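[1] here are the coordinates; sequence isn't available:
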């Protein structure tokens, strides 16, 4: 289908060159095959390397995309938060997924009210203030107070943890992404990470970029926008499902906010999306028999038609 071909063209594009610092610091990279480009890399003033990139959207530098901190990079992570005066952190993975470590527990919870972290030049303390569950416990908002030995380097940070978003997959709820962007809309800059900092992270940031492009009156082309995002954060939006999810959430955004787009765009987006999803639903139903939707169909808790609709619903 058109959207599958579009994504395949994106996948065939050459990757940008990695930063020399990426190659020089293998122990600070979570994944060897997820590169960090140089031109918009976050450069820490203490000379340390961190796998993080600024994202520029029409002159607006609101987001930093980064990997989930490793035990040995937690100090660099909080150093970046203080240096760049970060107001919010968005975490799109769990610390453990399918029995594999995906991100170090880099922030304190209510049962461990304070963490002390030593960076190269400073002692950083992160203190738990309070927490609030949002969106039926799928999103946890935590207030953190970050201080250091330098009284000029302090921050109050909101930490948003979106739980149970599957690696290389997409959430079932299309409105959840829009609600997250609403919650964090008043903060700037914002650090976003998952495990690698490209799949789930790229998906959320891409939805924001589409919104920002539309609000600014610029021409909106999803293919070109993802290509530009990948030039700034290599490998962003990892899978076809994530690419389709971006289309779907954007459609919901247009409908909910009664945004004005050209008739051609409004007609093409839904039809291309629906066609691709229908084709994928037909081709994947037979071999995805071990997943939860099929199990619920087999045990009688849902019909096959409803199970298929649950997994492949458009909006």
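    Cool, got the structure. Note that this is a predicted model, so its numbers are computed, not measured. Numbering: from 1, shown residues only.

[2] For this protein, give the strand that spans the most residues.
    strand 123-134 (DSSP state E).

[3] what does that one rub up against?
    Strand 123-134 is contacted from outside by 75, 78-79, 82, 107-110, 112-118, 139-149, 179, 183, using CB atoms under 8 Å, 6 or more residues apart in numbering. Glycine gets a C-beta too; all of them are placed from N, C-alpha and C.

[4] Helices - which of the residues you listed land there?
    Residues of the contacts of strand 123-134 located in helices (DSSP state H): 75, 78, 79, 82, 179, 183.

[5] Tabulate these (JSON lines), appending distance to residue 129.
    JSON lines is the format used below for the ones in helices among the contacts of strand 123-134 (distance: CB to CB, whole Å):
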{"residue": "75", "distance to residue 129": "21"}
{"residue": "78", "distance to residue 129": "16"}
{"residue": "79", "distance to residue 129": "21"}
{"residue": "82", "distance to residue 129": "17"}
{"residue": "179", "distance to residue 129": "22"}
{"residue": "183", "distance to residue 129": "17"}
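
[6] if we take those, which one ends up nearest to residue 46?
    Distance to residue 46, by CB to CB, is smallest for residue 79 among those, at 6.5 Å.

[7] So what's the residue count around the closest residue to that closest one other than its chain neighbours?
    Spatially, and ignoring its direct neighbours in sequence, residue 79 is nearest to residue 119 (4.6 Å; CB to CB, 6 or more residues apart in numbering). Applying other CB atoms under 10 Å, we find 20 other residues in the vicinity of residue 119.

[8] Offset the numbering so it begins at 55, please.
    With the count now opening at 55, the last piece we talked about shows up as residue 173.

[9] residue contacts, residue 173?
    Residue 173 is in contact with 100, 102, 129, 130, 132, 133, counting by CB under 8 Å, 6+ apart.

[10] rerun that using 7 Å as the cut-off
    By CB atoms under 7 Å, 6 or more residues apart in numbering, the contact list for residue 173 reads 100, 129, 130, 132, 133.

[11] pLDDT below threshold where in the stretch 155-304 of the chain?
    174 (pLDDT under 70).

[12] run the last query once more with 80
    For the stretch 155-304 of the chain, the stretches flagged by pLDDT under 80 are 164-167, 172-175, 228.

[13] Can you classify the residue nearest the centre of the chain by secondary structure?
    For the chain, the residue nearest the mean C-alpha position is residue 255 (1.8 Å; CA atoms, centre = their mean). Put simply, residue 255 is helix when judged by DSSP: H, G, I helix; E, B strand; the rest coil.

[14] from the ones in helices among the contacts of strand 177-188, which is closest to residue 73?
    residue 133 (17.8 Å).

[15] quick one: the closest one and residue 98 touch, right?
    Yes: counting by CB atoms under 7 Å, residue 133 touches residue 98, with 5.7 Å between them.

[16] And these two? Which one has more around it.
    The residue with more neighbours, out of residue 133 and residue 98, is residue 133; 25 against 18, by other CB under 10 Å.

[17] so what's the more buried one up against?
    98, 100, 173 are the contacts of residue 133 under CB under 7 Å, 6+ apart.

[18] Next, find the distance separating it from residue 152.
    Counting by CB to CB, to the nearest Å, the separation of residue 133 from residue 152 is 31 Å.

[19] Next: residue 256.
    Taking CB to CB, one finds residue 256 at 21 Å from residue 152.

[20] May I ask you to confirm that residue 277 belongs to a helix?
    Yes: counting by three-state DSSP, one finds residue 277 located in a helix.

[21] so how far is residue 294 from the closest residue to it other than its chain neighbours?
    Leaving aside its chain neighbours, residue 277 sits nearest to residue 60 (5.3 Å; criterion: CB to CB, 6+ apart). In this view, residue 60 and residue 294 are 9 Å apart by CB to CB.
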